[in-house]
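Colleague: below: sequence and its predicted model.
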Amino acid sequence: MKDKISIVGAGLVGSLIAVMLKKKGFSVQVFEKREDPRNSLVAQGRSINLALSHRGIQPLKLAGVYDTIAPFLIPMNGRMMHDQSGALTYQSYGKEGQFINSVSRAQLNELLINSAEESGVEVYFNHKCTDIDFEKNNISFENGVSVESDLIIGTDGAFSALRKKLQFTDRFNFSQHYIEHGYKELSIKPINGEFGLEQNYLHIWPRGNFMLIALPNNDKTFTCTLFFPFEGSPSFAQLSSKTEVDSFFDQFFADAKALIPDLSDQFFENPTSSLITTKCEPWNKGRSILLGDAAHAIVPFYGQGMNSGFEDVRLFIEMSEKMNWDWDSILPSYSQQRKKDADAISELALMNFIEMRDHVGDPIFLKRKKLEAKIQEQFPNEWIPLYSMVTFSDIPYSEALRLGKIQKQVMDEVLQSETEEIDYNKIIERFNALKKVG
């Protein structure tokens, strides 16, 4: 019998790695503090729809569960920007045929839990972790149950119980940061049985310091998310009455408001939630390891939270196979190697928030995008835009961040030049020279 593995957290990452480890022959148990989400009403207004892309799809295919999930995905070919007058501008995400996929967090989680149980994983709900003994590799739960394992994996999210226990150990670094913005979800219901907006796009209403987005669902609704400061002007603090909410949406999101007849009711019924970034190191202690949000929670603005967590799973399994499942060697090696990429996607996510809310409708930004598309068209193997590196490739996040900063430097130089003729060969020569220096 192979090692007994206990996973704390039956969310997306925990369920996926449970499937993969079970298929490798391990005895796998998953413990979740919540009730079984398949038997309870999902909390409304706190999900933030997910955007599944290449880094997330690859592990799902390796686990043999992608075909089960694929029918529930809605392709989004690009961004559809809405200005204050309601005029639309389209930006593709990548080359023709490249797209990201909208999927419901709750629906995806249920499918992965089903897959875990079908593969033979034991999943226990209503098991809240209260203590972990790193010497004995023992987990204690609030209901009095205690479990000893050969390996403990913490996939229990941004407020991980396993990570909290690590915070009381020696030489463990931890930081968390809440951005000034929170979020509130709203729903656009079907109109005459059809989508209220064009379905194959991520819709964005960029408004400088705040924005509204909308992602399609396969029940023909759209989940809208308002990212908005908690305090200041304007802010959630200023919207304390239905009249103020209606007036605010009339001013900034009139075309969206027209699609949400019960807007003010939804606004006050759904919670206002915060957005946190967490960082820590090392991710391991003894025979315990953190993965996903438990190790590196990020803001959702690059659509990479779930994808990076699923990539964690793939890379962990690949390293474990190469190192012959020697946990004492694998855990510190994995923690050290993956940390730099987790920090990079954290930085990229915050950068993309600024792009989405401030820049996507800006003429200079649009000019930059057109120029970048022309460079990629002429040099497809040498110039891959930052968004494509992050979303449609396996290039490590840290390398994508490095190359993206060099690309920005080169683009700035071109756009600031007074020369009207653009020499694309010189652009690539400059880019390659800076890559070598960097």
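Modeller: Received the coordinates, thanks.
Colleague: list the contacts of the worst-scoring helix or strand of the chain on mean pLDDT.
Modeller: Least confident helix or strand, the chain: helix 363-378 with a mean of 85, by mean pLDDT, DSSP states H and E. Helix 363-378 is contacted from outside by 89, 91, 95, 355, 359, 383-385, 388, 407, 411, 414-415, 422, 424, 427-428, using CB atoms under 8 Å, 6 or more residues apart in numbering. The C-beta positions use only the backbone N, C-alpha and C, and glycine is treated the same way.
Colleague: and those, which of them are in helices?
Modeller: Mapping those onto helices (DSSP state H) picks out Ser388, Gln407, Met411, Val414, Leu415, Tyr424, Ile427, Ile428.
Colleague: highest neighbour count among these?
Modeller: Ile427 (23 neighbours; other CB atoms under 10 Å).
Colleague: gap between it and Ile364?
Modeller: 18 Å (CB to CB, to the nearest Å).
Colleague: same check on Arg105?
Modeller: Note on Arg105: its distance to Ile364, by CB to CB, is 35 Å.
Colleague: between the two, which has more neighbouring residues?
Modeller: Arg105 (18 against 9).
Colleague: okay, now Met306: neighbour count?
Modeller: Met306: 25 surrounding residues under other CB under 10 Å.
Colleague: right, I mislabeled it, should have said Gln337
Modeller: 12.
Colleague: for the strand or helix carrying it, what is the average pLDDT?
Modeller: Per DSSP states H and E: Gln337 is located in helix 327-354. Computed over helix 327-354, the mean pLDDT rounds to 95.
Colleague: that one packs against which elements?
Modeller: Packing partners of helix 327-354 (3 or more CB pairs under 8 Å, 6 or more residues apart in numbering; DSSP states H and E): strand 173-188, strand 273-281, strand 284-285, strand 288-290, helix 293-296, helix 305-322, helix 386-391, helix 397-416.
Colleague: residues of stretch 173-182 that come out buried?
Modeller: By 16 or more other CB atoms under 10 Å, the buried positions in stretch 173-182 come out as Ile179, His181, Gly182.
Colleague: how deep is the nearest residue in space to the first one that is not next to it in sequence tucked in, by neighbour count?
Modeller: Spatially, and ignoring its direct neighbours in sequence, Ile179 is nearest to Leu275 (5.2 Å; CB to CB, 6 or more residues apart in numbering). Leu275 has 21 neighbouring residues, counting by other CB under 10 Å.
Colleague: surely Leu275 touches Glu180?
Modeller: No: using CB atoms under 8 Å, Leu275 is not in contact with Glu180; the gap is 9.2 Å.
Colleague: which residues touch Cys415?
Modeller: In this structure residue 415 is Leu, not Cys. For Leu415, the contact set (CB under 8 Å, 6+ apart) comprises Ile364, Lys367, Arg368, Leu371.
Colleague: from these, pick the one nearest Lys285.
Modeller: Of all these, Lys285 sits closest to Arg368, with 44.9 Å by CB to CB.
Colleague: excluding chain neighbours, what is closest to Arg38?
Modeller: Glu110 (5.2 Å).
Colleague: give me the pLDDT value at the one you found.
Modeller: For Glu110, the predicted pLDDT is 96.
Colleague: which SS class is it?
Modeller: Under the three-state scheme (DSSP: H, G, I helix; E, B strand; the rest coil), Glu110 adopts helix.
Colleague: about what we covered before: most widely separated two among the ones in helices among the contacts of helix 363-378?
Modeller: Using CB to CB, the pair of the ones in helices among the contacts of helix 363-378 lying farthest apart is Ser388 and Leu415, separated by 19.9 Å.
Colleague: quick check: bridge partners of Ser175?
Modeller: Beta-bridge partners for Ser175, by DSSP bridges, are Lys279.
Colleague: what is the burial count for Glu198?
Modeller: That count, for Glu198 with other CB under 10 Å as the rule, works out to 12.
Colleague: which residues sit in contact with it?
Modeller: By CB under 8 Å, 6+ apart, the neighbours of Glu198 are Met80.
Colleague: which element is it on?
Modeller: Under the criterion DSSP H and E, no helix or strand holds Glu198.
Colleague: dihedrals phi and psi, it?
Modeller: Torsion angles at Glu198 (phi, psi; degrees, to the nearest 10) stand at phi -60, psi 130.
Colleague: now Asp219: how far from Pro71?
Modeller: 13 Å.
Colleague: Asp312 too?
Modeller: Taking CB to CB, one finds Asp312 at 25 Å from Pro71.
Colleague: more crowded one of these two?
Modeller: More neighbours surround Asp312 than the other of Asp312 and Pro71, with 29 against 8 (other CB under 10 Å).
Colleague: I figured the more buried one hits Ala295, correct?
Modeller: Yes: contact criterion CB under 8 Å: Asp312 and Ala295 qualify, at 7.4 Å.
Colleague: what residues are shared contacts of these two?
Modeller: Counting by CB under 8 Å, 6+ apart, the contacts common to Asp312 and Ala295 are Arg338.
Colleague: I'd like the ones in helices among the contacts of helix 363-378 written out as a markdown table, with distance to Asn49 added.
Modeller: Formatted as a markdown table, the ones in helices among the contacts of helix 363-378 follow (distance: CB to CB, whole Å):
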| residue | distance to Asn49 |
| --- | --- |
| Ser388 | 22 |
| Gln407 | 29 |
| Met411 | 31 |
| Val414 | 36 |
| Leu415 | 34 |
| Tyr424 | 38 |
| Ile427 | 37 |
| Ile428 | 38 |
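Colleague: between those, which is closest to Ala400?
Modeller: For the ones in helices among the contacts of helix 363-378, the nearest to Ala400 is Ser388 (9.1 Å; CB to CB).
Colleague: so who does the closest one touch?
Modeller: By CB under 8 Å, 6+ apart, the residues touching Ser388 are Tyr93, Gly94, Lys95, Gln98, Gln376.
Colleague: next one, pLDDT for it please.
Modeller: 95.
Colleague: report the central residue of this structure.
Modeller: In the chain, the centroid-proximal residue (CA atoms, centre = their mean) is Gly305; its distance is 2.1 Å.
Colleague: how far away is it from Glu311?
Modeller: Distance from Gly305 to Glu311, by CB to CB: 11 Å.
Colleague: one more: Arg34?
Modeller: Arg34 sits 24 Å away from Glu311, going by CB to CB.
Colleague: could you do Glu32 as well?
Modeller: 22 Å.
Colleague: over to Ala433?
Modeller: Separation of Ala433 from Glu311 (CB to CB): 31 Å.
Colleague: cool, and Glu281?
Modeller: Separation of Glu281 from Glu311 (CB to CB): 18 Å.
Colleague: so these two - more neighbours on which side?
Modeller: Counted by other CB under 10 Å, Glu281 and Glu311 do not tie: Glu311 has more neighbours, with 25 against 19.
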